[in-house]
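In: pasting the sequence and the predicted model now:
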Amino acid sequence: MKANRSVNNEDHNQIEFDCPECGTHIVGEVSKCPKCGVEFVIEEVIEVECPNCGAVVPADLERCPKCNAKLEVLKEGAGEVETSVKGAAKATGTTVEESPAEVEAKEAEEKEIELRKQFPLLVEEVKSLLALANEFNIEVNEAKRFIDKAVRAGKQRDVVSAVNFVQESLARARETIDEKIARDVEYLEKLVEVSNQIGSDPKAILQSIEAIETKRKGGDLKGALIEIRNAKDLAEQITGRYVEASEMCEALEKLIKNAEHLYVDVREARKLLNEARDVGKHGDWTMMGVLAKKGREELLKMLPDVLREELKKSKEALLDAKAEGKDVSSLIKILKDGAVAFKRNDIEETLERLVEFKAEMKRIS
């Protein structure tokens, strides 16, 4: 049989109740009536004071059994208390101090909202720079890798990482394009020297250099690149075949450096490159171009078999890295691009992708 245990604010340890069977008043915690012997389970009843007559009554009653006054039921659930406090603060204009966890969560939410606003703007800016690089044949592979990472983070709904990767891509693309402009300015300054050597007026080239630097400092990268292209055309007219021969030497030097990453024997090609530059110093730009072209052709003959074998090794290395649990998504893309280039017989592009693959493999190791 059940019996109620009365609990009041004066003494939470005092237990008093009447036996529900025989009515005997019992004080203390017992499991059966000392008079009639009936067993019972004691249930705890919280009591409150009636605000009208002062009688102590069970808290769950709607009306006082003594004076019939309506009672207020007190709800002490933590969630309800928190909600009511905040609601009251809002109504009265007072401030409720939030917990550190609440503040941190609120700041994180506000930051994410702001990043979501920034994201599409940053993406458009990066797309514009990548298109510019493509238009002027500037390699921005590192910037592209960060875009790939941003895409993966976006798929995982990691907004913070996605925005960070796009910002990094943007910075790398700008840096790469700016470095290319700086190198081209140095090249045009060299053409000024060449023009003086052959007795031509370099004034037009100098004016172009000034226009390039003005646009570059003003952040107009496309304008600077257009000026460079026009300046090179102009310089070629002034200096004869020097520009064409010089560009052939630069292309051969790049090919040699990439081939060295795959341990290719480049001695003959480098010998021809040095000879080309020597004759160029004496103004024989026709022979300079001929020697550079010959060096390139000699090296390209050696590369197909080397690249075919290197593609196989790279695929095996990729599978090993994947088995070790490494993130190989960037490696897959690079190797795929290299294989496609090899199928269309673009030897130089294949070589560049394999060099890039080795660098990326080293980075994740």
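Out: Sure, I can see it. All figures in this text were calculated on a predicted structure; none of them were measured in a lab.

In: give me the phi and psi for V328.
Out: phi -110, psi 10 (degrees, to the nearest 10).

In: pretty sure it is touching K322, no?
Out: Yes. Counting by CB atoms under 8 Å, V328 sits close enough to K322 to count as a contact (4.8 Å). (Glycine included, C-beta is placed from N, CA and C.)

In: comparing the two, which residue is more hemmed in?
Out: Neighbours of V328 and K322, each counted by other CB atoms under 10 Å, are more numerous for V328; the result is 21 against 14.

In: contacting residues for the more buried one?
Out: Counting by CB atoms under 8 Å, 6 or more residues apart in numbering, V328 makes contact with L318, A321, K322, I364.

In: kindly provide the distance from the first one to H282.
Out: Yep, that's L318 we're talking about. L318 sits 49 Å away from H282, going by CB to CB, to the nearest Å.

In: and for the third one?
Out: According to CB to CB, K322 stands 55 Å off from H282.

In: domains in the chain, by residue range?
Out: Per automatic domain parsing, the structural domains of the chain span 2-74, 100-240, 254-365.

In: quick revisit: looking at the contacts of V328, which are in helices?
Out: Taking DSSP state H, the ones among the contacts of V328 that sit in helices are L318, A321, K322, I364.

In: dump those residues to CSV, plus pLDDT.
Out: Formatted as CSV, the ones in helices among the contacts of V328 follow (pLDDT from 0 to 100):
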residue, pLDDT
L318, 92
A321, 91
K322, 90
I364, 82
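
In: out of the residues you listed, which are buried?
Out: The neighbour count (16 or more other CB atoms under 10 Å) marks L318, A321 as buried among the ones in helices among the contacts of V328.

In: which of the residues in stretch 133-149 are buried?
Out: Going by neighbour count (16+ other CB under 10 Å), the buried part of stretch 133-149 is 133, 136, 138, 140-149.

In: contacting residues around it?
Out: 126, 129-130, 132, 161, 165-166, 168-170, 172-173, 176-177, 180, 225, 229, 329-330, 333, 352, 356, 360.

In: quick one: mean pLDDT over it.
Out: The pLDDT scores in stretch 133-149 average 88.

In: nearest to S208, of the ones in helices among the contacts of V328?
Out: Distance to S208 across these (CB to CB) is lowest for I364, with 43.0 Å.

In: shaky segments in this protein?
Out: Within the chain, the segments meeting pLDDT under 70 span 1-17, 29, 40-48, 57-61, 71-99, 102-105, 108.

In: just the helices in it please.
Out: Ranges of helices in the chain, per DSSP H, are 78-92, 100-135, 141-155, 159-197, 203-217, 221-239, 242-261, 267-281, 285-323, 329-343, 347-364.

In: how far off centre is the second one?
Out: The gap between where helix 100-135 is centred and where its chain is centred comes out at 10 Å by CA atoms, centre = their mean, to the nearest Å.

In: list the buried residues in it.
Out: In helix 100-135, counting by 16+ other CB under 10 Å, buried: L115, F119, L122, V123, E125, V126, L129, L130, L132, A133.

In: how about stretch 317-331 as PDB, C-alpha atoms only?
Out: Provided in PDB are the C-alpha atoms of stretch 317-331 (Å, rounded to 0.1, in the frame of the first residue of the first chain):
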ATOM      1  CA  ALA A 317      53.100   5.000 -55.800                       C
ATOM      2  CA  LEU A 318      49.600   6.400 -55.800                       C
ATOM      3  CA  LEU A 319      48.100   3.000 -54.900                       C
ATOM      4  CA  ASP A 320      50.700   2.600 -52.100                       C
ATOM      5  CA  ALA A 321      49.800   6.000 -50.700                       C
ATOM      6  CA  LYS A 322      46.100   5.200 -50.800                       C
ATOM      7  CA  ALA A 323      46.700   1.900 -49.000                       C
ATOM      8  CA  GLU A 324      48.500   3.900 -46.300                       C
ATOM      9  CA  GLY A 325      45.400   6.000 -45.800                       C
ATOM     10  CA  LYS A 326      46.700   9.200 -47.300                       C
ATOM     11  CA  ASP A 327      44.500  11.700 -49.100                       C
ATOM     12  CA  VAL A 328      45.400  11.000 -52.700                       C
ATOM     13  CA  SER A 329      42.700  13.100 -54.400                       C
ATOM     14  CA  SER A 330      45.200  15.700 -55.700                       C
ATOM     15  CA  LEU A 331      47.500  12.900 -56.900                       C
END
